[in-house]
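Visitor: Starting from these lines, generate the structure:
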Amino acid sequence: MVRGGVFVFVGAVALLLQLLLAPSCHAVDCSSRTKDYCEVETTCIWDQQQAACRAVDCRDYRDHSSCKADPKDVGPCAYQWELRVCYQKNGQVPCTEYYEDCPSDRCQYDKEQGYCYGAHDQLPCFLMFDEAACSKAGSRCTYTNNACMSKAEAEACSSQFDKSKCTGKCKWHQDDMLCFPKDLTVPCKLLRTNETCDTNRCTKYNTGTQAIMCLPKDAQPQCDMFSSADLCPDQRCQWNQGAQRCFDPKVGMDCEFYFDMQRCPQDRCRVVGGMCLDKEQPIDCSMFYYANDDCNKDNGCRPDCDAKECTSCPASGKCDDTKCPDATPEPLHQCSDHVTEGECRSDSVCKWDDSVKACVDGDVGTPCSDYVEPSQCQNARDCAWDQGECVECKNGDCKLVTTTTTPDAGDACDTYTQDTCPYPRCFFSQQGVSAGKCRDSQCRDLVDENFCKAHGGCTFDKNVYACYKTSEGPPCNLYSDKDMCNSLANCKWDADNLYCAGKDTGKACTSYSVNNCPARCVTHFDTNTCESKACSDITDQDACKDAGCTFDANMYLCYNDTGLACNKYTSFPTCPPNRCNYDYDDAHPKGVCKEKACGDLYDKEECLAVKGCKFVESINLCYKDTGKPCDKYTDRANCPLNRCSWSDDGTGNTVCQPKVCTEYLDKSLCTAANCIWNAHASSCYNDTHKSCDKYTERTCPPNRCVYDYDFGYCRTYDCPDYTDPDDCNSSGKGCVFNTTFGVCVTKGEPIPCSVFNFNQPGCPTSYCKYATDVNVCYPKDGQVPCSYIYDLSACDKRSHCTWDSAFNRCEGKPKNQQRIPNFLKSFN
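Guide: Prediction:
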């Protein structure tokens, strides 16, 4: 297993070295160089593990193609597939590339730090987290700037991140926030801004991944640094459409980068398990389900029928890959893979969420209380019908049923209220009636076998725990087993959608009951009818056209536009999305079909074709600005987002109000509003130089502050906010990137508790505690960070948190209630 932290550090440094493709004309003794002098030599690299400068070698290649091609001529190299590491062919994989599988014959493993290193080496200084431990390490380590580091590293100018410490032989470069020796020219690769990249000796490159890349004139970025076909230099690189990647044809490209299996090159790659893999790459048979076709001897695998798993073929002898006779189909663990409602309901671990028309994991999605019919309730995972309402199952027992405690006086059912409706003779239903109605019970309302049998004309099926009208036959959609489905007279297994549907006799859809509605029709549980599919019910492009409907490939929607005014369409399925928009607001809580406004358009041509609409291409924004004050616009779609924001006004009401600087996503709109545009971060702000906590969520200036969604306030950047090693080490805040855990920390401070989320044994009890209900490790003297809570009920339990229903996430309660617009939150 590859060590995550080491991967981050070595990968980041090695990446810069791989940029410098020009070989040195003479050998350089790297081992004698200090850290600063190591930085200026392209054939050397500073090894933080060894606290020494060394020559670039095979281990600095980070993919198989580079390792095999060896463009730096540092080999011969070999590639270890399991660890995904390149190493000297005549040597061994470095100990630091291992984790718990640390080879004991030549390496040693420190359990406390989770670190594998050479048997004769010493634990690196940067892993000593306090002064006492650092002192015990002896003279090789020194505790400075609240951190333990090697003496060689501590003495380097480039290790000083505070201007006040950059003295003597060192010089502070303010624009690049860098300390470097006075007698050395700062290497181009360390010049981080457009202004400081010295064009006399360096070249600026636009790779699309950062503002600029500054490199020596005799060097070029490696091809895979370019993020788009437009930027990929065709003189020496090629753009691969199948992998959407720029690569060096002399080096090649790893097979795993191909995401389109149709383009997986057959000469050196093969498609296995839906992935493009190198032909040299050993296959991990355990990745296959034992009954999967990929578990075969051609892939070096065979099914173990007893263990019901796919294992590797024996090293010698015959490999018997005969299929297991009692093998069952591979279970679908991703509920989102199910496209249709029937397919979803046939999977016992999934739920159909009617609110979003999607298949979701069984423990999320539509709450049981949202189901108003027993048939829907019992069809939902972990739900049961109890006293006229759908409730969450108790202790996983979904066979709950009780009678009403209200005495049955024998009166007509419609004379009772919801509280007095006498079950099982009567049943309270809310479908079709907004206030609900107590009516005579139907077979499908009775979820107890005795009640079902006592009701005339009903049959109870224990296999699916359902009561149905005998004359209509059993409800096909409840049967998830193919053989059981096909054994029923009125049902037939739908092989395309993997669910049990009604047998199709060619009659009109409305002539079928909901129990045996065929696959070409659609069941409407709200009206208890089987009906012909509306255009909006069709998801296949060809089927859409065959039904006489229109298919929009951009929106991937099937619809039928009859030409009526938008407000004449009364439901979401009938509202034609090509020119209308189905919207919900306070005046129309159930939704209304409206003519599309400029704000509803996202295509440039479509936008500009409408009179008065303007388009901002950089952010795909279509708007119409009539010049009125923002608060005069009362509709979301008409609120001109070039200068206004449709957002919370701080009182819980969503209104059109003037934008603050942080809400501008386009440079021209930002500067037109007299705000400052940060090209590196592509963000807009207005820094009035107040302390960060004086700003709201909407006004928090990102150049020096960050809005903390855990605790709901604007604050200054802390070290853990930096995710890039270079940004961390150059922050000027005394931060250092811990390569072991891949996190930026304040020098001398322990690893943030959050690193150990979902790892209770690893959560350090000396300064952290563990919340088992949300699997979060957090500071002893603090509170659970709200953004780490993913469950609504767990969020509600914390008084400092609030649930944002728009984004289904938990956030800290804002100390200032003015909120950021929802559409902007996706950029945070």
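Visitor: what are the phi and psi values for residue 174?
Guide: With angles defined as degrees, to the nearest 10, residue 174 shows backbone torsions of phi -60, psi -50.
Visitor: And the pLDDT for it?
Guide: pLDDT for residue 174: 83.
Visitor: Enumerate every residue touching it.
Guide: Residue 174 sits next to residue 163 when contact means C-beta atoms under 8 Å, 6 or more residues apart in numbering. For the C-beta atoms, the positions are set from N, CA and C on the backbone; glycine is no exception.
Visitor: Can you check what pLDDT the model gives residue 400?
Guide: On pLDDT, residue 400 comes in at 44.
Visitor: repeat for residue 91
Guide: For residue 91, the pLDDT comes out at 91.
Visitor: That one: which element?
Guide: When secondary structure is defined using DSSP states H and E, no element contains residue 91, which sits outside every helix and strand.
Visitor: Count the residues that sit near it.
Guide: Residue 91 has 12 neighbours, counted by other C-beta atoms under 10 Å.
Visitor: Phi and psi next, for residue 391.
Guide: Per degrees, to the nearest 10, the backbone of residue 391 is at phi -130, psi 160.
Visitor: In this structure residue 538 contacts residue 547, no?
Guide: Yes - with contact defined as C-beta atoms under 8 Å, residue 538 counts as touching residue 547 (6.0 Å).
Visitor: which parts of the longest strand along the chain are buried?
Guide: Looking only at the chain and at elements set by DSSP state E, the strand with the highest residue count is strand 588-595. Of the residues in strand 588-595, 592, 593, 594 count as buried by neighbour count, 16 or more other C-beta atoms under 10 Å.
Visitor: residue contacts, the second one?
Guide: Each residue near residue 593 by C-beta under 8 Å, 6+ apart is listed here: 566, 567, 568, 569, 570, 571, 572, 574, 575, 580, 581, 582.
Visitor: what's near enough to touch the last one?
Guide: For residue 582, the contact set (C-beta under 8 Å, 6+ apart) comprises 572, 575, 591, 592, 593, 594.
Visitor: how does it look with 7 Å?
Guide: Residue 582 makes contact with 572, 575, 591, 593, according to C-beta atoms under 7 Å, 6 or more residues apart in numbering.
Visitor: could those go into CSV alongside pLDDT and distance to residue 123?
Guide: Formatted as CSV, these follow (pLDDT from 0 to 100; distance: C-beta to C-beta, whole Å):
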residue, pLDDT, distance to residue 123
572, 78, 62
575, 87, 66
591, 80, 63
593, 89, 67
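Visitor: in stretch 720-730, what counts as buried?
Guide: Within stretch 720-730, judged by 16+ other C-beta under 10 Å, the buried ones are 720, 721, 722, 725, 726, 727, 728, 729, 730.
Visitor: possible to save the residues you listed as a markdown table with secondary structure and distance to residue 216?
Guide: As requested, those are arranged in a markdown table below (DSSP: H, G, I helix; E, B strand; the rest coil; distance: C-beta to C-beta, whole Å):
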| residue | secondary structure | distance to residue 216 |
| --- | --- | --- |
| 720 | helix | 33 |
| 721 | helix | 32 |
| 722 | coil | 27 |
| 725 | helix | 21 |
| 726 | helix | 18 |
| 727 | helix | 22 |
| 728 | helix | 25 |
| 729 | helix | 21 |
| 730 | coil | 20 |
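Visitor: Throw those into TSV and include pLDDT and distance to residue 658, thanks.
Guide: Shown next, in TSV, are these (pLDDT from 0 to 100; distance: C-beta to C-beta, whole Å):
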residue	pLDDT	distance to residue 658
720	87	34
721	86	29
722	84	32
725	83	39
726	82	37
727	81	32
728	85	36
729	82	39
730	79	36
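Visitor: of all the residues you listed, which comes closest to residue 103?
Guide: Minimum distance to residue 103 across the buried residues of stretch 720-730 is 27.6 Å, recorded for residue 725 (C-beta to C-beta).
Visitor: Surely that closest one is in contact with residue 737?
Guide: Yes - under the criterion of C-beta atoms under 7 Å, residue 725 is in contact with residue 737, at a separation of 4.1 Å.
Visitor: in the stretch 551-700 of the chain, what spans have low per-residue confidence?
Guide: For the stretch 551-700 of the chain, residues meeting the criterion pLDDT under 70 lie at 585-586, 652, 680.
Visitor: Where do the strands of it begin and end?
Guide: Listed in chain order, the strands found in the stretch 551-700 of the chain under DSSP state E, counting those that start in this stretch are 557-559, 580-585, 588-595, 614-616, 621-623, 644-648, 654-658, 676-678, 683-685.
Visitor: same check, this time on the stretch 151-300 of the chain
Guide: 170-173, 178-181, 202-205, 213-216, 238-240, 245-247, 269-272, 275-278.
Visitor: Which among these is found nearest to residue 428?
Guide: strand 275-278 (52.4 Å).
Visitor: Okay, now the sheet partners of the closest one, with direction.
Guide: Within its sheet, strand 275-278 is paired with strand 269-272 (antiparallel), according to DSSP bridges.
Visitor: hang on, the earlier thing: in JSON lines, list the buried residues of strand 588-595 along with distance to residue 483.
Guide: Shown next, in JSON lines, are the buried residues of strand 588-595 (distance: C-beta to C-beta, whole Å):
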{"residue": "592", "distance to residue 483": "47"}
{"residue": "593", "distance to residue 483": "45"}
{"residue": "594", "distance to residue 483": "49"}
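Visitor: buried set for stretch 766-781?
Guide: Taking 16+ other C-beta under 10 Å as the neighbour-count basis, stretch 766-781 is seen to contain the buried residues 768, 769, 770, 771, 774, 775, 776, 777, 778.
Visitor: An error on my part: the question was meant for stretch 611-620.
Guide: Applying a neighbour-count criterion of 16+ other C-beta under 10 Å, the buried positions in stretch 611-620 are 613, 615, 616.
Visitor: Any idea what the second one is bridged to?
Guide: Judged by DSSP bridges, the bridge partners of residue 615 are residue 622.
Visitor: okay but it is in contact with residue 605, surely?
Guide: No - using C-beta under 7 Å, residue 615 and residue 605 do not qualify as a contacting pair, with a distance of 9.0 Å.
Visitor: if we can go back for a sec, which two among the buried residues of stretch 766-781 are spaced furthest apart?
Guide: Taking C-beta to C-beta as the measure, the buried residues of stretch 766-781 reach their widest spread between 768 and 774, a distance of 14.0 Å.
Visitor: Need the pLDDT of residue 85.
Guide: Residue 85 is assigned a predicted lDDT (pLDDT) of 90.
Visitor: ok, it touching residue 97?
Guide: Yes - counting by C-beta under 7 Å, residue 85 does reach residue 97; the two are 4.7 Å apart.
Visitor: What is the neighbour count of the nearest residue to residue 203 once chain neighbours are set aside?
Guide: With sequence-adjacent residues excluded and distances taken as C-beta to C-beta, 6 or more residues apart in numbering, residue 203 is closest to residue 217, at 5.4 Å. Residue crowding around residue 217 was assessed by other C-beta under 10 Å; the count is 12.
Visitor: got the contact list for residue 217?
Guide: Taking C-beta under 7 Å, 6+ apart, we find residue 217 in contact with 201, 202, 203.
Visitor: Next, work out how far apart the first one and residue 130 are.
Guide: Distance, residue 201 to residue 130, using C-beta to C-beta, to the nearest Å: 43 Å.
Visitor: Wait, a helix at residue 761?
Guide: Yes - residue assignment for residue 761, taken from DSSP: H, G, I helix; E, B strand; the rest coil, places it within a helix.
Visitor: And the pLDDT at it?
Guide: pLDDT recorded at residue 761 is 78.
Visitor: can you check residue 339 too?
Guide: Looking at residue 339, its pLDDT is 64.
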